[in-house]
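Return a 3D structure for these sequence lines:
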Amino acid sequence: MVPNRRIERLQTLAARLSAAIAVLAATAPPLLAQQSPPPLNPREDYTRSAFYIPMRDGVRLYTVIFAPKDASRRYPILMERTPYDVGPYNADATLASQGAPTDMAREGYIFVFQDVRGRYMSEGTFEDVRPETSARRSPTDVDESTDAYDTIDWLVKCVPNNNGRVGVWGISYPGFYAGAAGIHSHPALKAISPEAPVSDWFLGDDFHHNGALFLMDFAGFYSHFGEPRPDNRPLTHYPHTLSLSIGDAYAGYLKLGPLPNLNAKHWHGRVRFWEEASAHPDYDAWWKARSLPLHLKDVRCAVLTVGGWYDAEDFFGPFADAAAILRSNPETTNCLVIGPWPHGGWSYGDFDRFGDETFGQRTGTWYRDNIFKPFFDYFLKGQGSWKTPRATVFATGANLWWQFPTWPPPNIQPVAFSLSSGRKLKKLAPGPAAESGYEKYASDPAKPVPFESLEHPGRGHAYMNADQRFAARRPDVLTWQTPPLDRDLAIAGPVRIALDVSTTGSDADYVVKLIDVLPPDAAPSAADPASTGYERLVSADVMRARYRSGFDRPAPLVPNRKQRVGFSLRNTCHVFLKGHRVMVQVQSSWFPLVDRNPQTFVNIYQAQQRDFRAAEERIYHSSQIVFPVLTTPPAPVPVETRYLKAPSAP
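Numbering: from 1, shown residues only. Predicted coordinates for the structure are as follows:
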């Protein structure tokens, strides 16, 4: 037995040693105290494995996992769920081939990629924008949020060396699944990033805007995505038997004729979603069940929603999802980021320019370094800090990043302009009665206004900020503009439209475009040097007038009667610089981006050629455009020199 005095001496020595170690730890230089592990090579330092993960109803989802070979530490899980395939499906595929964020792969994450239910190698039956079954009547009722929940539950229990924290992200359709994962969040789900998320396919994403069919998007997408799985069996490659040979888009879709010809000439009833959607021409319960914002409840994880001002596909979704999460989950960390990007552009490249517009900085790289990676590092690893305000947006025109505590910003003032006589866009003074009179044009479905000046086989993104002078020259397009501005005009938020119209038909579309008219010395080098007044598109959208009283309540226009049609343009954050003009264009077709309105009150999905008729459209001078004017623009977000880039020739 050891004497008591010796035990006391040993205890005292141990206490002194522990104290010394504590002092050394507290005073050691940070770089020595927290040595960063060496970076991982995405091609060589990850191990690929594939599993069929069972869902609560017994269906198994094919899931690929890339985990770091270094098992000396624990890693968070970052997952993407997709309908587009998680290939290549061969066992020797590397993480580099999956499109994982490279800088995050170097620092160590467990990356998970999953084929959603009924697509590619996963079992079950696929359903587009699967409805949320919030009233689950049995333990086996499933939707995309339950599939995400069950997958996360399996991952944190079965994948070695995970730290118990999971994030989900995705762009476009995968953005829909990222958003759905947040509903009734799994306790291990700490962060989601729905990016350009599919949100509502009737109100504003992809296939409809304000009830009007975006023809090129629907027809082009489902001519390949609509292909069913033979016998609904898992496969690595879909057959390609659907066809849609159009050639030049304008001429080809005009030749196609009314919408029923998509089936009669090309799809022959084989595109399930077309059959379903065309059977629901109005915003009824079928569409609302598939509207993600209506179901974004009990979201208990941090949210980073991302979009691009020049996204021609899913621009409605980021704003709708972020607003819905705020309404139903006000305490949730919920940030919105919108930059000068096309669809998904923030995830790759520098994006110091778009089209002929230059930004003077590498906006894509700045976002990935300063927002995307820090978001997941903080919520999944506990590294760094997260103090980003609710809205971070790029102000086009000024080429500055601005941040706001809310979106739309709290310091905006609605300022109304009228579409006045003499084609003048005039700021309305309080008090006087609205101006009388109108402008008119003939709208002929046989000669619709093209959405861009060049011939193309498909819809790109270039039209999103393209020169609009080609449209202004047409007799079926009306324009109004201000004099040159004597000071900068900054707007942030949706632009409200209140058109007073009459038509000789019983239905009509009204396309409104907001345009920044550049002074001659500011025209981009790509413009015609002999021309002046380059008209750069800032924001635009279409309203199908039958839905002026509600998207679930279509009603005909009364011929030759003055009626109001109200709607909002896409959200924007733009600065019209001193010396520029503000222009508004109004037209009744935008083809073939938007399908042709027959201008008679019929079911357009069943319309025949005889239903298409020309009409006279009148736009009254009492019509108003209400701009969300920033009373005091915020201080710009500092951008480090390494992200700046001098303008270069296109």
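
Run me through the strand neighbours of the helix or strand containing Leu61, direction for each.
Using DSSP states H and E, Leu61 falls within strand 60-68. Applying DSSP bridges, strand 60-68 is found paired with strand 46-54 (antiparallel), strand 110-115 (antiparallel).

Mind checking what secondary structure the nearest residue to Asp128 once chain neighbours are set aside has?
Using CB to CB, 6 or more residues apart in numbering and skipping residues adjacent in sequence, the residue nearest Asp128 is Phe273, 4.8 Å away. Every C-beta, even on glycine, is put in place using the N, C-alpha and C of the backbone. Of the three states, Phe273 takes helix under DSSP: H, G, I helix; E, B strand; the rest coil.

With Ala251 instead?
helix.

Which residues are in contact with it?
By CB atoms under 8 Å, 6 or more residues apart in numbering, the contact list for Ala251 reads Glu455.

from the chain's centre, how far out does stretch 606-617 sit?
33 Å (CA atoms, centre = their mean, to the nearest Å).

First-to-last residue distance for stretch 502-510?
One end of stretch 502-510 sits 11 Å from the other (CA to CA, to the nearest Å).

Residues touching that stretch, excluding its own?
212, 438, 443, 499, 501, 542-546, 556-563, 565, 586-590, 594, 597-602, 613, 615-618, 620.

what do you get for stretch 318-336?
179, 182, 194-197, 199-200, 203-204, 292-294, 296-307, 338, 375, 379, 386, 388-393, 407, 571.

Val511 and Ser539 touch, don't they?
No - between Val511 and Ser539 there is no contact under CB atoms under 8 Å: 11.6 Å.

sorry, back to before: between the strands paired with strand 60-68, which one is nearest to Tyr75?
Within these, the stretch nearest Tyr75 is strand 110-115; the backing value is 4.8 Å (CB to CB).

What average pLDDT does that closest one get?
Averaging pLDDT along strand 110-115 gives 98.

And Ile246, how far from Ala462?
18 Å (CB to CB, to the nearest Å).

May I have the host helix or strand of Val337 exported as CSV, CA atoms only?
Val337 belongs to strand 334-339 when assigned by DSSP H and E. The C-alpha coordinates for strand 334-339 follow below in CSV (Å, rounded to 0.1, in the frame of the first residue of the first chain):
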residue,chain,number,x,y,z
ASN,A,334,-33.5,32.6,-43.3
CYS,A,335,-31.3,34.4,-45.8
LEU,A,336,-31.9,35.4,-49.4
VAL,A,337,-29.1,36.0,-51.9
ILE,A,338,-29.7,37.3,-55.4
GLY,A,339,-26.9,38.1,-57.8
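
do you know how far the closest residue to Tyr367 other than its chain neighbours is from Pro160?
Nearest residue to Tyr367, sequence neighbours excluded (CB to CB, 6+ apart): Trp346, at 5.1 Å. According to CB to CB, Trp346 stands 33 Å off from Pro160.

Neighbour count for those two, which is higher?
Trp346 (28 against 9; other CB atoms under 10 Å).

Pull up the gap between the more buried one and Asp369, please.
For Trp346 relative to Asp369 (CB to CB), the value is 12 Å.

This structure - how does it break down into domains?
46-200+290-404, 412-630 (automatic domain parsing).

Ok, which of those domains comes nearest Ala279?
Using CB to CB, the domains of the chain put domain 412-630 closest to Ala279, at 8.0 Å.

First-to-last residue distance for that closest one?
End-to-end for domain 412-630, by CA to CA: 4 Å.

Figure out how far it is from the centre of its chain.
22 Å.

likewise stretch 180-199?
15 Å.

and if you look at stretch 351-366?
That offset, for stretch 351-366, works out to 18 Å (CA atoms, centre = their mean).

For that stretch, C-alpha coordinates in CSV please.
Taking C-alpha atoms only, stretch 351-366 is exported to CSV below (Å, rounded to 0.1, in the frame of the first residue of the first chain):
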residue,chain,number,x,y,z
PHE,A,351,-19.5,36.0,-63.6
ASP,A,352,-17.9,39.4,-64.0
ARG,A,353,-20.2,40.0,-66.9
PHE,A,354,-23.5,38.8,-68.4
GLY,A,355,-24.1,39.4,-72.1
ASP,A,356,-22.8,42.9,-72.8
GLU,A,357,-23.1,44.0,-69.2
THR,A,358,-20.0,44.1,-67.1
PHE,A,359,-19.9,44.2,-63.3
GLY,A,360,-16.3,45.1,-62.4
GLN,A,361,-16.0,42.1,-60.0
ARG,A,362,-16.1,38.4,-59.9
THR,A,363,-19.6,38.0,-58.5
GLY,A,364,-19.8,34.2,-58.6
THR,A,365,-16.5,33.7,-56.9
TRP,A,366,-17.3,36.3,-54.2
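
Looking at it now, give me its mean pLDDT.
96.

Buried residues in it, which are they?
Neighbour counts over stretch 351-366 (16 or more other CB atoms under 10 Å) mark 351-359, 361-366 as buried.

what's the answer for stretch 41-53, then?
42, 45-46, 48, 51, 53.

Next, give me the two most distant ones among these.
Asp45 and Ile53 (24.3 Å).

residues in contact with stretch 454-470?
216-217, 220, 246-252, 309-312, 342-343, 354-355, 357, 396, 450-453, 513, 515, 527, 531, 533-538, 583, 585, 593.

repeat that for 7 Å
216-217, 220, 246-250, 310, 312, 342-343, 354-355, 357, 451-453, 513, 515, 527, 534-537, 585, 593 (CB atoms under 7 Å, 6 or more residues apart in numbering).

again, but for stretch 476-486
419, 423-425, 439, 441-443, 449, 471-472, 517, 519, 576, 578-587, 619.

Got a quick PyMOL command for the buried subset of the residues you listed?
Listed next is the PyMOL selection for buried residues among those, using 16+ other CB under 10 Å:
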select buried, resi 419+425+439+441+443+449+471+472+517+576+580+581+582+583+584+585+586+587+619
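
In helices only, show me the contacts of stretch 476-486.
Among those, the members falling in helices (DSSP state H) are 471-472.

Just the contacts of stretch 476-486: which are in strands?
419, 424-425, 439, 441-443, 517, 576, 581-587, 619 (DSSP state E).

residues touching the closest residue to Arg487 other than its chain neighbours, list them.
Closest residue in space to Arg487, ignoring its immediate chain neighbours: Lys578 at 5.5 Å, by CB to CB, 6+ apart. Counting by CB under 7 Å, 6+ apart, Lys578 makes contact with 485-488.
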